[in-house]
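J.: pasting the sequence and the predicted coordinates here, then a few questions.
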Amino acid sequence: MENKNYTIKDIARMAGVSAGTVDRVLHNRGDVSASSREKVQKVLDEIDYHPNMFAIGLAAKKRYCILCIIPYYIEHDYWHSVAEGINRASQEMRPFNVSIEFLYYHHADRLSYEKACAKIRREPMDAVLIAPNFREETMALTSYLEEKEIPYAFIDFNIEDTHALCYIGQDSKASGYIAAKILMRKYEEGQELILFLNNKKNNPAEIQMQRRMDGFMSFISQEHNNLVVHDVVLNKEDDAANRRTLEEFFAAHPQAVLGAVFNSRVYQVAGYLQETGHHLAGLVGYDLLQKNVEHLKSGEVNYLIGQRPGLQGYCGIKALCDHMVFKRPVTAVKYMPIDILMKENINFYFEFE
């Protein structure tokens, strides 16, 4: 159909309904019969109708505030990328009277997370973007939000037993399964596997890590059931203690030459390998932190699994705005791609165009 600007009256005339009916269909409000809705939608499809979002923003009187609860971060780390994605979406949503506020907590610190969740209850907000940490505290928070009819979305990992508007992030178990599959391509008979952990497996703060490990070990049990697997627990901040731990472990287990790290700190193991000249036949880790990428390029790390943290933050804000501002339907689960990066392709990778 000829490209032109159609008014609500034009659409009503073409559909054979009232202008009020067209307005209710366009803004998804009020009662409209199925037959009238079908007539209006047929015309909208024929004219390829797209609402003028900037006009909607300028006309809107209501202001919206989205509160984002994420861990504290430093420059170039995982959560810094998430915050950059959130801020990118914030710039795009500013014409529609949407503001973004941040509320931070220390990852894996239950008290810090509890305080952040408690503070949310005292803050004015219209929607919440949550990077969940501890399950029990998250369930209590979401119960409160549901009681107040405040929409919320999850990023990074999903807690299924809630009524979140959506989840945006990777399928953690699938990414763990893929990590094992690519790592074990390097396996030779007699080699042993190391799982490098920053907390014990059952730590309640490491739900994401646990799900990745479940997927990883699912592949191992299917394809390498008799493989010897070691757990090595490293300290998040004590490099000297980690060096002693790794020296003692490798001295005692010379056949342990395949390694996996299930969080963003594969650089801890890779740094030790670089400093000492020790070599692993294969090492896989997560996230494109600057230090991780440097070790990927220099060869200590063989594979990095990227999960597009910036895009998670960006899509989380856009999904809440679609629901809250534009009254559009939102897909309940939006999985991020499971990106496999090697030194041969890392220079061609980008998250946003």
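T.: Alright, I've got the coordinates.
J.: now the helices for the stretch 1-150 of the chain?
T.: Counting by DSSP state H, counting those that start in this stretch, the segments of the stretch 1-150 of the chain that form helices are 8-15, 19-27, 34-46, 53-59, 78-93, 110-120, 135-147.
J.: rebuild those as JSON lines, extending it with mean neighbour count, distance to H278 and mean pLDDT.
T.: To be clear about C-beta, it is placed using only N, CA and C from the backbone, and glycine gets the same treatment. Converted to JSON lines, those look like this (neighbours: other C-beta atoms under 10 Å; distance: least, C-beta to C-beta, whole Å; pLDDT from 0 to 100):
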{"stretch": "helix 8-15", "mean neighbour count": "17", "distance to H278": "70", "mean pLDDT": "86"}
{"stretch": "helix 19-27", "mean neighbour count": "17", "distance to H278": "63", "mean pLDDT": "83"}
{"stretch": "helix 34-46", "mean neighbour count": "15", "distance to H278": "63", "mean pLDDT": "87"}
{"stretch": "helix 53-59", "mean neighbour count": "12", "distance to H278": "56", "mean pLDDT": "55"}
{"stretch": "helix 78-93", "mean neighbour count": "19", "distance to H278": "26", "mean pLDDT": "96"}
{"stretch": "helix 110-120", "mean neighbour count": "16", "distance to H278": "35", "mean pLDDT": "95"}
{"stretch": "helix 135-147", "mean neighbour count": "16", "distance to H278": "37", "mean pLDDT": "96"}
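J.: quick one: closest of the ones you listed to G190.
T.: helix 78-93 (35.4 Å; C-beta to C-beta).
J.: quick one: low-confidence ranges for the stretch 201-350 of the chain?
T.: Low-confidence segments of the stretch 201-350 of the chain (pLDDT under 70): 201-205.
J.: repeat that for 80
T.: In the prediction, the stretch 201-350 of the chain carries residues with pLDDT under 80 at positions 201-206.
J.: M217: which of the helices of the stretch 1-150 of the chain is closest?
T.: Closest among these, once you apply C-beta to C-beta, is helix 135-147, at 20.6 Å.
J.: other residues contacting the following helix or strand past the closest one?
T.: Next helix or strand after helix 135-147 toward the C-terminus (DSSP states H and E): strand 152-155. With contacts defined as C-beta atoms under 8 Å, 6 or more residues apart in numbering, strand 152-155 is touched by 82, 127-132, 142, 145, 162, 164-169, 312-313, 316, 319-320.
J.: so in that sheet, which strands flank strand 152-155, and in what orientation?
T.: strand 127-130 (parallel), strand 166-169 (parallel) (DSSP bridges).
J.: how about JSON lines for the helices of the stretch 1-150 of the chain, with distance to L227 added?
T.: Output for those, formatted as JSON lines (distance: least, C-beta to C-beta, whole Å):
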{"stretch": "helix 8-15", "distance to L227": "64"}
{"stretch": "helix 19-27", "distance to L227": "58"}
{"stretch": "helix 34-46", "distance to L227": "56"}
{"stretch": "helix 53-59", "distance to L227": "54"}
{"stretch": "helix 78-93", "distance to L227": "29"}
{"stretch": "helix 110-120", "distance to L227": "34"}
{"stretch": "helix 135-147", "distance to L227": "30"}
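J.: many thanks, have a good one.
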